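[1] Provide a 3D model corresponding to the input given below.
(one chain, ligands or ions: 1)
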Amino acid sequence: MVTVRLENIEKVFEQKLPTGEVSKVFALNNINLTINDGETIAVVGPSGCGKSTLLRVIAGLERPTNGNVYFGEKIVNEVEPKDRGIGIVFQNYALYPHYKSKGNLSFFFKLRKVKEEEIDERVRVTAETLGVGFEELLNRKPGQLSGGQQQRVALGRCIIKEPTIFLLDEPLSNLDAKLRERTRIELKRLLRRFKVTTFYVTHDQVEAVTLGDRIAVMKSGVIQQVAPYNEIYRHPINMFVANFIGLPPMKFMDVQLKGKKLVGEGFEIEISSEVANVIGNEDRKLALGIRPENIQFKMTQEAGYYPVKIDVIEPLPNEGAKYLFFSFKESVEAITKADLNFEGNVGDTIYVWFDPAKIYVFDKETEETIVAQDKVFSFTNA
Ligand code: ATP
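    Below you'll find the model as predicted:
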């Protein structure tokens with residue numbers, strides 16, 4: 001068991017162009033992150049934001065351009081990947097095609113001339129850990145296994161070495177939706193049982209929520225926020241995080257402070273004096289953010305409700321909900337959440353109300369959060 005600490009990590013890739021010039025990619029920028037002993041951090045972010053590079057730096061497959069990687073108290077920058085006590089599973093499992101699953105699991109030990117009985121015992125314990133049906137896979141080669149089965153073998157190959165750190169890079173992304181769901185839960189059980197320090201790269205928010213004790217949101221090589229899902233969801237630090245975390249995503253609308261109101265195109269919201277004071281300046285360019293679940297609607301007009309027309313209806317039986325998309329004045333799109341048995345149709349008028357206690361307000365220029373539901377981010381009150 002070990003704590004992983006990343007200190008001021010920077011990674012710059014340099015590529016020589018045919019013209020002789022050198023092009024630089026700043027893949028990681030001043031990353032500071034601690035993965036506590038036994039904790040799983042799930043890192044999410046758009047394609048190319050540096051998730052895999054960060055994992056490869058922890059693994060020792062990439063050297064940081066600057067900064068230090070600590071395992072416990074020790075700086076491991078110079079330690080070879082094979083000596084770091086890590087277990088890695090990538091998206092493409094890269095099993096040895098000529099070995100049966102058992103051979104894939106035991107390869108590492110055969111190489112180190114561990115006794116047959118000990119290897120057999122380790123394979124047995126690993127098979128037990130990986131649960132029902134795993135034994136049957138041991139005598140098959142990768143070509144005789146489905147994607148999901150190969151994925152379990154790859155996990156087995158990682159676990160059997162009893163790593164002190166798991167590094168998982170999109171390990172479920174080759175699986176179909178159903179298998180992915182099952183394997184996600186299996187993996188969760190496994191992580192809970194082993195309590196191994198884990199760094200989990202994914203672009204799938206559901207995976208991140210299920211598996212991550214904390215979630216790190218990255219953008220352009222920079223960690224934007226690290227916190228448990230609920231905290232990030234309720235109190236995102238900026239517009240990027242607010243939009244990235246939450247499904248369907250938060251929608252933004254331009255608003256202006258006028259006295260104790262936020263006025264947008266075709267609507268206005270009463271706010272408290274406290275919120276108005278924090279915003280401070282009526283000239284400040286603001287974006288209002290509201291999550292679909294915080295827009296209420298009625299089928300008939302009531303005071304404070306605005307008429308809008310439904311554009312699209314998206315039923316999500318899994319969530320027991322229908323999402324209703326609508327626009328204000330053509331340009332501003334928003335979403336509200338209805339019960340699955342909602343009987344309205346596209347083109348119908350509904351009447352919406354924004355819950356003032358659940359609104360988010362952002363500075364449109366810096367994109368920083370000013371107010372997130374019940375929390376005021378006073379540092380933005382410049
Ligand atoms: P994805 O979700 O698409 O896998 P990612 O968040 O894992 O993306 P990385 O693979 O870490 O992103 O890449 C981060 C940036 O570094 C990208 O701009 C990528 O093109 C660049 N990059 C990664 N590896 C190299 C390399 N070996 N040489 C040059 N540039 C690289």
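[2] Going by C-alpha atoms from here, please, whenever you check contacts or count neighbours.
    Noted.
[3] so which residue of the stretch 151-300 of the chain comes closest to the ligand?
    H203 (6.4 Å; Cα to the nearest ligand atom).
[4] Around that residue, how many other residues sit close by?
    Neighbours of H203 under the rule other Cα atoms under 10 Å: 17.
[5] And the spatially closest residue to it that is not a sequence neighbour, how far from the ligand?
    Among residues not flanking H203 along the chain, V44 sits closest, at 5.4 Å (Cα to Cα, 6 or more residues apart in numbering). When distance is defined by Cα to the nearest ligand atom, to the nearest Å, V44 is 8 Å away from the ligand.
[6] which ones are touching V44?
    K51, V201, T202, H203, D204, Q205, A208, I215, A216, V217, M218 (Cα atoms under 8 Å, 6 or more residues apart in numbering).
[7] Narrow those residues to just the buried residues.
    Among those, those scoring as buried are K51, V201, T202, H203, Q205, A208, I215, A216, V217, M218 (criterion: 16 or more other Cα atoms under 10 Å).
[8] residue contacts, the second one?
    Applying Cα under 8 Å, 6+ apart to V201 gives the contacts A42, V43, V44, K51, S52, L55, L168, D169, E170.
[9] These into JSON lines, with extra columns for distance to H235, secondary structure and pLDDT?
    Output for the contacts of V201, formatted as JSON lines (distance: Cα to Cα, whole Å; DSSP: H, G, I helix; E, B strand; the rest coil; pLDDT from 0 to 100):
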{"residue": "A42", "distance to H235": "18", "secondary structure": "strand", "pLDDT": "97"}
{"residue": "V43", "distance to H235": "18", "secondary structure": "strand", "pLDDT": "98"}
{"residue": "V44", "distance to H235": "17", "secondary structure": "strand", "pLDDT": "96"}
{"residue": "K51", "distance to H235": "22", "secondary structure": "helix", "pLDDT": "96"}
{"residue": "S52", "distance to H235": "26", "secondary structure": "helix", "pLDDT": "95"}
{"residue": "L55", "distance to H235": "26", "secondary structure": "helix", "pLDDT": "97"}
{"residue": "L168", "distance to H235": "27", "secondary structure": "strand", "pLDDT": "93"}
{"residue": "D169", "distance to H235": "27", "secondary structure": "strand", "pLDDT": "93"}
{"residue": "E170", "distance to H235": "26", "secondary structure": "coil", "pLDDT": "90"}
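[10] For I88, state which of those residues is nearest.
    L168 (5.7 Å; Cα to Cα).
[11] Does that closest one touch E207 like I think?
    No: if you go by Cα atoms under 8 Å, L168 and E207 don't touch, sitting 11.8 Å apart.
[12] what's the most distant pair in the buried ones among the contacts of V44?
    Across the buried ones among the contacts of V44 (Cα to Cα), the longest gap, 14.0 Å, separates K51 and Q205.
[13] Show only the entries of the buried ones among the contacts of V44 found in helices.
    Judged by DSSP state H, the subset of the buried ones among the contacts of V44 located in helices is K51, Q205, A208.
[14] quick one, phi/psi of whichever residue of the stretch 251-382 of the chain sits closest to the ligand?
    For the stretch 251-382 of the chain, the residue closest to the ligand is E367, as judged by Cα to the nearest ligand atom, at 21.5 Å. Dihedral angles of E367 (phi, psi; degrees, to the nearest 10) stand at phi 70, psi 10.
[15] ok, how many other residues are close to it?
    Neighbour tally, E367, other Cα under 10 Å: 17.
[16] Tell me who's in contact with it.
    N238, M239, F240.
[17] so how far is the first residue of stretch 60-71 from its last?
    Start and end residues of stretch 60-71 are separated by 12 Å (Cα to Cα, to the nearest Å).
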